[in-house]
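A.B. asks: just need the structure, nothing else, for what follows:
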Amino acid sequence: MLKTIRFHLLKTVQNPVVRQSFLTLLIRVFGVVLLFGFTLFLTQKYTPKIVGQYDFVRTFLFAIGSICLLGFDQSILYFKGRLYPDFSLGHLRKVYLKMVLMLFFASLLLFVFIILLDASVVAQFFSDDATYLLLLKASAALFFYGLSILNVEVFRALDEVVVSELFRNVFKYLPIIVVAFILVQWQLEPFLVDAFLLSFVFSGVLTTLLAFYFFTKKPASCSTDCFSSREIITQSFPIAVSGMAIFLMMSFDILFLKKYQGDATVAYYAVAVKLMTLLSVIILTVNITVSAAIAASFSNKEIDKVQKMVQNSSRLIVAITLPAVIGLLLFPEFILHFFGSNYIVAKEALVVLVLGQGFCAFFGSAPVYLNMTGRQRIFQRIVLGALVLNFLLNYWLIPSYGMLGAAIAFSASALFWNLGTVLFVYVKDGIKLFLS
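C.D. replies: Prediction:
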C-alpha cells in the first residue's frame, strides 16, 4: 500500500506540468499574501473613500486596459504555440514589436477620447466631481499598464516563467507598497491613486528593458514575417473582446456600486472580490501553465494528449481550490474583520462570490481551451452573452440589494460562460472540460 502511494506521488511530482504549476502557484500565493497584506494596510491607514477611489481606478485600468491590449497578452502564447516545433525567437520578437506599436496607438486613442469627454456628464452620472480627473489620470497611464501586462506574458513565451511570475505577483506591487507607506508617514494619503498609476509607468519601462534583454540574449536571425499585422489582429481581437467582456463583468458591479452606494461601499465590496481572487489565482495559474502546450498539441492534432492534459489540470485545480473554498465559507466574518469592523458588511457578498468561483473550479481549463485551439470567436460569443447577462443583473439587483446583488450578478455570469464553453467543447471535440 505504501509503495503504491509512493509510486503515485513520485509520478505526480515528476510530471512537468504539475511541477511547473506548483512552482507558479507558490509564487502566486506569495503574491496574494503580499497583496492582502497591502490591502490590510490600506484599510487600516486610509479612509474608505480613498480606498474606494483606488479600487475604482484599478478596476478602470483592468477593464479599459483589456480593450487597448487587444488580447495580445494571451495571443502571444497562441502565436508561440503556432510556431511549434520550428520556434523562432526572431519571429516572436517581430510579433511582439507589432503588438507594442498597436497597443500604443490604441492607448493614445482612448486618452484623446477621455480628454474630449464632457467632464460634467461624468460628474453627473457618478454624482462625484472628482471622478473625471481619476479617469483622465488613469487613461494617461494606460499604455504603461498595458505594456507591463504584455511583457509579463512575453517573459512566459520566452520560457522565463519564474521571472514572469515574479513580476506578475510580486514586483508589480512593491513600488506602490513602498510609496503608500511613505504617503502615510508624510500625511499625503490623497495621493494614493497618483502613486498607483506612476508605479505602472515604472513597471512598464522596466519590463520592456528586460524583454529586450531576453530577446537579445540568444541569436534570433529572421528575414521574413511569419505573421502579418492583420493576422495578429485577426487572431488576437476575438481574445481581446473576450478579455474585455470578462473584465467588464468585474467592472460593472464596481461602477454601479459607486453610482448608487458611493466610494466606501466600493472599498468594502472590493475586499470581498480580492478574497475571491484567491480561488481564481489557482485556476489561472494552472491554465496559464498548460495554455501553450494545449495550443501546440491541438495544432498537431494530438487530441488524446490534449484530453489527458485537460483532465490532469482539472484535477489539480479542484484539489487545490477546495480547501480554500471551505475555509472562506466557514470563517467569512473572522477573515473580513482583519480589514476592519466596517468590512464585515461584505459577508454575504463574499459567500456568494466564493460559492460561484468554487463551482467554476470544476470547469477546469474552460477559460483558455477555446482561445488556444483557434476558436477565439466562439469563446467571444459565449462571453459576450455572459456580459449581457451580467449587465442586466447588476442593473436590476444593485439598486435594491447593493453588494449582494453585485455578487449574484458576477457569479451567475461566470457560471454561464464556463458552462457554455464546456458544452460546446464536449459537443464539437468530445473533450470533457468539466470534472465529474
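A.B. asks: mind exporting stretch 359-369 as CSV, just the C-alpha atoms?
C.D. replies: Only the C-alpha atoms of stretch 359-369 are listed here, as CSV (Å, rounded to 0.1, in the frame of the first residue of the first chain):
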residue,chain,number,x,y,z
PHE,A,359,-18.3,25.9,-8.8
CYS,A,360,-16.2,27.4,-11.7
ALA,A,361,-13.2,25.5,-10.5
PHE,A,362,-14.9,22.3,-11.6
PHE,A,363,-14.8,23.6,-15.2
GLY,A,364,-11.0,23.1,-15.4
SER,A,365,-9.3,24.6,-18.4
ALA,A,366,-12.5,26.0,-20.0
PRO,A,367,-11.2,29.7,-19.7
VAL,A,368,-8.3,29.0,-22.1
TYR,A,369,-9.2,26.0,-24.2
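A.B. asks: show the average pLDDT along it.
C.D. replies: Summarised as a single mean, pLDDT over stretch 359-369 is 76.
A.B. asks: in it, what's buried?
C.D. replies: Cys360, Ala361, Phe362, Phe363, Gly364, Ser365, Ala366, Pro367, Val368, Tyr369 (16 or more other CB atoms under 10 Å). (Glycine included, C-beta is placed from N, CA and C.)
A.B. asks: the residues you listed into CSV, with extra columns for distance to Trp186?
C.D. replies: Below are the buried residues of stretch 359-369 laid out as CSV (distance: CB to CB, whole Å):
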residue, distance to Trp186
Cys360, 42
Ala361, 43
Phe362, 48
Phe363, 47
Gly364, 48
Ser365, 47
Ala366, 47
Pro367, 42
Val368, 44
Tyr369, 49
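A.B. asks: which of those residues fall in helices?
C.D. replies: Judged by DSSP state H, helices contain the following of the buried residues of stretch 359-369: Cys360, Ala361, Ala366, Pro367, Val368, Tyr369.
A.B. asks: now for those, which pair is the farthest apart?
C.D. replies: Across those, no pair lies farther apart than Ala361 and Tyr369, at 15.0 Å, counting by CB to CB.
A.B. asks: tell me who's in contact with Ala180.
C.D. replies: Going by CB atoms under 8 Å, 6 or more residues apart in numbering, Ala180 touches Phe38, Phe41, Leu42, Leu192, Ala195.
A.B. asks: so the last one sits against Val184, correct?
C.D. replies: Right, the one you point to is Ala195. No - counting by CB atoms under 8 Å, Ala195 does not reach Val184; the two are 11.2 Å apart.
A.B. asks: model confidence score at Ser291, please.
C.D. replies: Note for Ser291: predicted pLDDT of 67.
A.B. asks: now Ala119: how far from Leu134?
C.D. replies: 11 Å (CB to CB, to the nearest Å).
A.B. asks: neighbour count for the two, which is higher?
C.D. replies: More crowded of Ala119 and Leu134, by other CB atoms under 10 Å: Leu134, with 20 against 14.
A.B. asks: check contacts around Gly204.
C.D. replies: By CB under 8 Å, 6+ apart, the contact set of Gly204 is Phe143, Phe144, Tyr145, Gly146, Leu147, Ser148, Asn151.
A.B. asks: surely the first one and Leu101 touch.
C.D. replies: In other words, Phe143. No - taking contacts as CB under 8 Å, Phe143 lies outside contact range of Leu101: 11.1 Å.
A.B. asks: more neighbours, the two?
C.D. replies: A count of neighbours by other CB under 10 Å puts Phe143 above the other of Phe143 and Leu101, at 23 against 11.
A.B. asks: and the next element down the chain from the one helix or strand Leu275 maps to?
C.D. replies: Leu275 belongs to helix 263-299 when assigned by DSSP states H and E. On the C-terminal side of helix 263-299, the closest following helix or strand by DSSP H and E is helix 303-330.
A.B. asks: report all helices and strands that that following helix contacts.
C.D. replies: Judged by 3 or more CB pairs under 8 Å, 6 or more residues apart in numbering; DSSP states H and E, helix 303-330 is in contact with helix 16-45, helix 263-299, helix 347-361.
A.B. asks: columns distance to Met309 on top of those helices, output as a markdown table?
C.D. replies: As requested, the helices and strands packed on helix 303-330 are exported to a markdown table (distance: least, CB to CB, whole Å):
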| stretch | distance to Met309 |
| --- | --- |
| helix 16-45 | 7 |
| helix 263-299 | 6 |
| helix 347-361 | 17 |
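A.B. asks: Leu89: which of the ones you listed is closest?
C.D. replies: The minimum distance between Leu89 and these falls on helix 263-299, with 14.8 Å, by CB to CB.
A.B. asks: tell me what angle that closest one forms with helix 347-361.
C.D. replies: Per axes from the mean of the first three to the mean of the last three CA atoms, to 10 degrees, the angle that helix 263-299 makes with helix 347-361 is 0 degrees.
A.B. asks: by how many degrees do helix 263-299 and helix 303-330 diverge?
C.D. replies: Using the same axes, to 10 degrees: helix 263-299 against helix 303-330 is 160 degrees.
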